[in-house]
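A.B. asks: Here is a sequence together with a model predicted from it:
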Amino acid sequence: MTSNRIERDSMGELAVPTDALYGAQTQRAINNFPISQQAMPESFIRALIKIKSAAATANVKLGAIPEKMGAAINQAATGLLADERLMSHFPVDIFQTGSGTSSNMNANEVLSTLATNLYGDKVGPNDHINYGQSSNDVIPTCIHVSAAIELNTKLLPALQHLSVTIKQKASTVRHHVKTGRTHLMDAMPVRFNQSLLSWANQIDQNIVHIESLLPDLHSLAQGGTAVGTGINAHPDFADEFSQELSQLTGLTFTPAENFFSHIGSQDIAVSLSGQLKTTAVSIIKIANDLRWMNSGPLAGLGEIELEALQPGSSIMPGKVNPVIPEAAAMVGAQVIGNDTTISIAGQSGNFELNVMLPVIAHNLLNSIELLSNVSELLADKAIATFVVKEEKLKEALTRNPILVTALNAVIGYEKAAKIAKLAYAENRAIIEVASEETGMDKQELAKLLDPEKLTHGGIQ
């Protein structure tokens, strides 16, 4: 049976597990919100602890708390971040009060316990750890900080790795020519590297667009306190805090130009989520192209063979499925769903405060994590390792009636269409039918209908 101790807050006494580092307000949240049984993301909690540490240092510099107290808070924060049981101290459910006050007080109480032991005197969760702060500016700040850290350390490097891997693969398959497809139907030929470089360009565009949002994401609500006026915070707190946090994270953070908009809305998070959705759509496109090209091996396109990673069926021996592209497509679907939630939550900025902050934080960080992880997998276990099946490509190319498009300028569209239909109906090579129907020399036709030459465009 769990032993308890009695803690007190402004609402009275409450039993809290004896070994818990948190206090009464966290316990109330545990009791009040048994909803998802899922705590806030670890990346969010780590950012929150760094925010508290930066606030303590800023408050020491501004004379708001004693230097030794600030040192104790910072030491507590450092130790907490190194604690293997970190998340056991932060059990508050995602679905809690919309301002995230429960998570803010959870951090305040845990740091209060640890800092008090180090300081030798009471370090209050509200009066000291939370000095010059409000949940209403801490949690919006934490959304920006945690997302910025995860983007800079995980997603952007993962997307860059994916882009580089695609480009490296493109350079090794540039000599392969395949049937292009529009509407899933045969079209003019393309070089394999042209298809892959299209993917790389999609990823590069996503990188550019995400990076364009970083300056806004690095602007922080901290200093606006309860409603944006900065009540109870030193006039220089926002600047000092941003400097200290920049030192802690290695990223450059600045106070928001307008605290009211950063507290009352989540437009920047919504914008970032929208770009993550676009990235997800790009990932789905690449995944589906890989799945189609890999389809078969006998009854599908069979243009490539993906790396075999695991048995594909519990009943059909020898079956191997495109598991990484399938996982990537599911990630894309989840990120699109996350974006819908964030968009709806972003609408809940009523007057001076958005009241769906925790779910915005959770979904935003979940999208970043999923895209980061799957981009690495897609690069390393699908794109880098697939093998091109040249014989299958040639088989489709030689019988592709659409090659006759190259003769439009020579014999006209109507004549070319007749040749294409005849070649398809008789299941014959286009060059043979074209020679019979036009009387042109096969060598000349071979030059005009050379698939590799056609991939360079222009008039034949």
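C.D. replies: Received, thanks. Residues are numbered from 1 along each chain as shown.

A.B. asks: so Glu7, which of the three states?
C.D. replies: strand (DSSP: H, G, I helix; E, B strand; the rest coil).

A.B. asks: Could you pull up the residues touching it?
C.D. replies: 13-16, 23-24, 27 (C-beta atoms under 8 Å, 6 or more residues apart in numbering). Every residue, glycine included, has its C-beta placed from N, CA and C.

A.B. asks: try 7 Å this time
C.D. replies: Each residue near Glu7 by C-beta atoms under 7 Å, 6 or more residues apart in numbering is listed here: 14, 16, 23-24, 27.

A.B. asks: okay, among those, which ones form the most distant pair?
C.D. replies: Leu14 and Gly23 (8.4 Å; C-beta to C-beta).

A.B. asks: out of these two, which sits in the busier spot?
C.D. replies: Gly23 (22 against 18; other C-beta atoms under 10 Å).

A.B. asks: wouldn't the more buried one be in contact with Val16 here?
C.D. replies: Yes. Applying C-beta atoms under 7 Å as the test, Gly23 and Val16 come out as touching, 6.3 Å apart.

A.B. asks: thought Ala238 was touching Thr225?
C.D. replies: No. Judged on C-beta under 7 Å, Ala238 makes no contact with Thr225 at a distance of 9.8 Å.

A.B. asks: Before we go further, Ser313 is sitting in a helix, right?
C.D. replies: No. Counting by three-state DSSP, Ser313 is not found in a helix; it is coil.

A.B. asks: Tell me, what's the model's pLDDT at it?
C.D. replies: At Ser313, the model reports a pLDDT of 94.

A.B. asks: What degree of burial does the nearest residue to it once chain neighbours are set aside show, as a neighbour count?
C.D. replies: Distances taken as C-beta to C-beta, 6 or more residues apart in numbering place Lys319 nearest to Ser313, at 4.1 Å, with adjacent residues excluded. When counting by other C-beta under 10 Å, one arrives at 10 neighbours for Lys319.

A.B. asks: Lys319 and Thr385: what is the separation?
C.D. replies: Per C-beta to C-beta, to the nearest Å, Lys319 is found 19 Å from Thr385.

A.B. asks: now swap in Arg8 and tell me
C.D. replies: 60 Å.

A.B. asks: So for those two, which sits in the more crowded spot?
C.D. replies: Thr385 (16 against 10).

A.B. asks: residues in contact with the residue lying closest to that one once chain neighbours are set aside?
C.D. replies: Among residues not flanking Thr385 along the chain, Glu307 sits closest, at 4.0 Å (C-beta to C-beta, 6+ apart). Each residue near Glu307 by C-beta under 7 Å, 6+ apart is listed here: 381, 385-386.

A.B. asks: Tabulate these (CSV), appending secondary structure, distance to Ile419 and pLDDT.
C.D. replies: Converted to CSV, the contacts of Glu307 look like this (DSSP: H, G, I helix; E, B strand; the rest coil; distance: C-beta to C-beta, whole Å; pLDDT from 0 to 100):
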residue, secondary structure, distance to Ile419, pLDDT
Lys381, helix, 43, 98
Thr385, coil, 40, 98
Phe386, coil, 34, 98
